[in-house]
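Visitor: Here you go, sequence then predicted model.
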There are 2 protein chains.
Amino acid sequence: MQKTIPATDRGLAYGHGVFETMELRAGHLPHWPRHWQRLVEGCRRLGLPAPDRDRLETALLTDAPALGRHVLKLVLTAGDGGRGYRAPSKITPRWIVSLHPWPTYPATYAEQGVALRHCRTRLPIDSALAGIKHLNRLHQVLARAEWDDEAIAEGLLSDTDGWVVEGTMSNVFWIEGDTLRTPDLSRCGVAGIMRARILDWAAAQGIVTRIEVLAPARLQSAEGLFVCNSVIGLWPVRRLENHDMQIPSLMRELSQAVQEGAC
Amino acid sequence: MQKTIPATDRGLAYGHGVFETMELRAGHLPHWPRHWQRLVEGCRRLGLPAPDRDRLETALLTDAPALGRHVLKLVLTAGDGGRGYRAPSKITPRWIVSLHPWPTYPATYAEQGVALRHCRTRLPIDSALAGIKHLNRLHQVLARAEWDDEAIAEGLLSDTDGWVVEGTMSNVFWIEGDTLRTPDLSRCGVAGIMRARILDWAAAQGIVTRIEVLAPARLQSAEGLFVCNSVIGLWPVRRLENHDMQIPSLMRELSQAVQEGAC
């Protein structure tokens, strides 16, 4: 686990790199294949050579504690470079691995739901970078800086056209007519691993899913709304701005599946 | 001059920071007031406390060589932070100063002009980050990776609406009817220091300037086109894609003013 990196790293200079935030459980990464897949796609989109999978797995797990639950974060950058946007003709990526305690959130978050707000910060339409978990994350930083109220657990981000896309650190699902829906991420947003796990689980259960654009007004009439990521799991939303929301049975079912690791 | 930074720096994690690339001449920063102004504006927009000006100037110049011309780069980040987009309640910015040789470009670049291309990478419309020199620079990296032909000196970037905004590392000016024009940067792009110097110089000379949107087709009929930044100075464009361009006398005059440090 590196404590420092060279000041010449292109991850620092330009955000030329990607990262993954993973659940480490009893010395294993239960969702590693999905993280690996997104990592490789991110490398491809940013012109980085894909890492050697075996070597990377070894690097990730060598110092990993064998017991308990932790957050393992991997940052993969384009490595050292001179001044200037042009990458060296041979890129030698740098891996930065860090271990963090598994965060504890109030039990009420998963059981009774959380309060959300709409952020003013807008995500730009940017299909070149949409979906991947790259290091250019100023919109998330700006959006998360908009509120300081501990009673608000997450903020929703809309794109510059006004469609709701995701949370600052999470993906969003809503339920409408027994159908599980999540915003389209082809123009901006991060394609979360928990989002993919939930979509796959729902499909396997025969639950109808839809990926579509989401107008904010639609959430007023939705039967339910939740946010999710690999670390928080699934948080039902009990309040969005001044609007109270219900937690339908489908969401309870999903939440249980996430908590039991069934999806 | 720091060789390493902590791996927990928010500049690396999210690009939470700004930078300046400055001319250092005989131990002085001739355009420091302009760089300082942009730096402070960048800090304000990104929620970073403005640095102490005297301390920063001392840090920049302490190890600076007293002779010759160099590039001095300053990266200012939000400093250390834990995992998560939320910034610490007290941000302690980190300054990273590096010295680089003044690059030498072929003399023909400034005298006879350079060849340019249009890049496929599009700049997203993003007024929250427009103008400042922040560390989220993946679009510049992706655009610069589009070509490897040493005969092409720079690439032009258009936004997602199709307007030409800037070069990958430079600002753009064009001449039309004795008027000096440069693209509007209120929705995306970096407000370059050389661009500001040229606009001010032109105004002082009584040359009419216009800041406006630029459709690519307009460059076919422009009397002249050039790119500029603090390090390259001013490069006239003699060819854009397959279109040959002239170097009008106003551009020669401007080029001389830049070379003589008159602007």
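Guide: Structure received.
Visitor: Let's verify residue A:44: helix, strand, or coil?
Guide: Using DSSP: H, G, I helix; E, B strand; the rest coil, the structure places residue A:44 in helix.
Visitor: can you check residue A:118 too?
Guide: Residue A:118 - assigned by three-state DSSP - is strand.
Visitor: Please apply the same query to the one 3 residues further on.
Guide: Judged by three-state DSSP, the three-state class of residue A:121 is strand.
Visitor: and the gap between it and residue B:22?
Guide: Residue A:121 sits 30 Å away from residue B:22, going by C-beta to C-beta, to the nearest Å. Heads up, the C-betas are built off the backbone N, CA and C, glycines and all.
Visitor: Report the central residue of chain A.
Guide: Geometric centre of chain A, nearest residue: residue A:192, 4.1 Å, by C-alpha atoms, centre = their mean.
Visitor: Now that residue, what are its backbone angles?
Guide: Per-residue torsions, residue A:192: phi -70, psi 150 (degrees, to the nearest 10).
Visitor: burial count for the residue lying closest to it once chain neighbours are set aside?
Guide: The shortest distance from residue A:192 to any residue other than its chain neighbours is 4.2 Å, reached at residue A:171 (C-beta to C-beta, 6 or more residues apart in numbering or on different chains). By other C-beta atoms under 10 Å in any protein chain shown, the residues close to residue A:171 number 24.
Visitor: what phi and what psi does the backbone show at residue A:171?
Guide: phi -100, psi 170.
Visitor: I'd like to know how far it sits from residue A:118.
Guide: 16 Å.
Visitor: Quick check, residue A:141 in contact with residue B:84.
Guide: No - counting by C-beta atoms under 8 Å, residue A:141 sits too far from residue B:84 to count as a contact (9.9 Å).
Visitor: residues in contact with residue A:20?
Guide: Each residue near residue A:20 by C-beta atoms under 8 Å, 6 or more residues apart in numbering or on different chains is listed here: A:35, A:38, A:39, A:73, A:74, A:133.
Visitor: helix or strand for the first one, which one?
Guide: Meaning residue A:35. Per DSSP states H and E: residue A:35 is located in helix A:32-45.
Visitor: tell me which residues in that helix are buried?
Guide: By neighbour count with 16 or more other C-beta atoms under 10 Å in any protein chain shown, helix A:32-45 contains the buried residues A:32, A:34, A:35, A:36, A:38, A:39, A:41, A:42, A:43, A:45.
Visitor: Tell me how far residue A:249 lies from residue A:114.
Guide: Distance of residue A:249 to residue A:114, computed by C-beta to C-beta: 19 Å.
Visitor: Show me which of those two is the more surrounded one.
Guide: residue A:114 (22 against 10).
Visitor: how many other residues sit next to the nearest residue to the more buried one once chain neighbours are set aside?
Guide: Counting by C-beta to C-beta, 6+ apart, residue A:114 lies nearest to residue A:153, which is 3.6 Å off, once chain neighbours are set aside. When neighbours are counted by other C-beta under 10 Å, residue A:153 registers 22.
Visitor: Kindly report the same for residue A:189.
Guide: The burial count for residue A:189: 25, using other C-beta under 10 Å.
Visitor: what pLDDT does it get?
Guide: Predicted confidence (pLDDT) for residue A:189: 98.
Visitor: go on, the one 3 residues further on?
Guide: pLDDT for residue A:192: 98.
Visitor: Quick one: residues contacting it.
Guide: A:166, A:170, A:171, A:228, A:229, A:230.
Visitor: Which one of the residues you listed is nearest to residue A:206?
Guide: residue A:228 (20.3 Å; C-beta to C-beta).
Visitor: now the helices: where do they sit in the stretch 51-200 of chain A?
Guide: A:53-61, A:107-112, A:138-144, A:193-204 (DSSP state H, counting those that start in this stretch).
Visitor: nearest to chain B, of the ones you listed?
Guide: Among the helices of the stretch 51-200 of chain A, the nearest to chain B by C-beta to the nearest C-beta is helix A:138-144 (4.1 Å).
Visitor: Report the rounded mean pLDDT for the closest one.
Guide: Helix A:138-144 shows an average pLDDT of 98 in the prediction.
Visitor: What is that helix packed up against?
Guide: Counting contacts by 3 or more C-beta pairs under 8 Å, 6 or more residues apart in numbering or on different chains; DSSP states H and E, helix A:138-144 packs against strand A:114-123, strand A:152-159, helix B:10-14.
Visitor: Could you check which of residue A:121 and residue B:22 is surrounded by more residues?
Guide: residue B:22 (22 against 18).
Visitor: OK, contacts around the closest residue to that one other than its chain neighbours?
Guide: Excluding its sequence neighbours, the residue lying closest to residue B:22 (C-beta to C-beta, 6+ apart) is residue B:72, at 4.8 Å. Listed by C-beta under 8 Å, 6+ apart, the contact set of residue B:72 reads B:21, B:22, B:23, B:24, B:29, B:60, B:64, B:97, B:98, B:99, B:100.
Visitor: For residue A:118, name its beta-bridge partners.
Guide: Judged by DSSP bridges, the bridge partners of residue A:118 are residue A:156.
Visitor: Tell me if I'm right that it and residue A:216 touch.
Guide: Yes - the criterion here is C-beta under 8 Å, and residue A:118 meets it with residue A:216 at 6.6 Å.
Visitor: Give me the common contacts of these two.
Guide: A:156, A:158, A:164.
Visitor: Let me have these in JSON lines, adding neighbour count and distance to residue A:149 as columns.
Guide: JSON lines is the format used below for those (neighbours: other C-beta atoms under 10 Å in any protein chain shown; distance: C-beta to C-beta, whole Å):
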{"residue": "A:156", "neighbour count": "25", "distance to residue A:149": "15"}
{"residue": "A:158", "neighbour count": "21", "distance to residue A:149": "20"}
{"residue": "A:164", "neighbour count": "23", "distance to residue A:149": "20"}
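Visitor: which stretch of helix or strand covers the residue nearest to residue A:39 when sequence neighbours are not counted?
Guide: Nearest non-adjacent residue to residue A:39, counting by C-beta to C-beta, 6+ apart: residue A:20, 5.7 Å away. Element membership for residue A:20, per DSSP H and E: strand A:17-25.
Visitor: That strand: how far from the chain's middle?
Guide: Centre-to-centre, strand A:17-25 and its host chain are 10 Å apart (C-alpha atoms, centre = their mean, to the nearest Å).
Visitor: got the angle between it and helix A:53-61?
Guide: For strand A:17-25 against helix A:53-61, the angle by axes from the mean of the first three to the mean of the last three C-alpha atoms, to 10 degrees is 60 degrees.
Visitor: Strand A:17-25 vs helix A:193-204, what angle?
Guide: Going by the same axes, to 10 degrees, strand A:17-25 makes 60 degrees with helix A:193-204.
Visitor: could you check the angle helix A:32-45 makes with strand A:17-25?
Guide: Using the same axes, to 10 degrees: strand A:17-25 against helix A:32-45 is 180 degrees.
Visitor: Up against chain B, what does the stretch 151-263 of chain A have?
Guide: A:160, A:168, A:169 (C-beta under 8 Å from any C-beta of the partner chain).
Visitor: Which of these ranks first by neighbour count?
Guide: Most surrounded of those: other C-beta under 10 Å gives residue A:168, at 24 neighbours.
Visitor: surely that one meets residue B:84?
Guide: No - here residue A:168 lies out of contact with residue B:84, judged by C-beta under 8 Å, at a distance of 9.5 Å.
Visitor: re earlier: pLDDT added to the contacts of residue A:192, as JSON lines?
Guide: Below are the contacts of residue A:192 laid out as JSON lines (pLDDT from 0 to 100):
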{"residue": "A:166", "pLDDT": "98"}
{"residue": "A:170", "pLDDT": "98"}
{"residue": "A:171", "pLDDT": "98"}
{"residue": "A:228", "pLDDT": "98"}
{"residue": "A:229", "pLDDT": "98"}
{"residue": "A:230", "pLDDT": "97"}
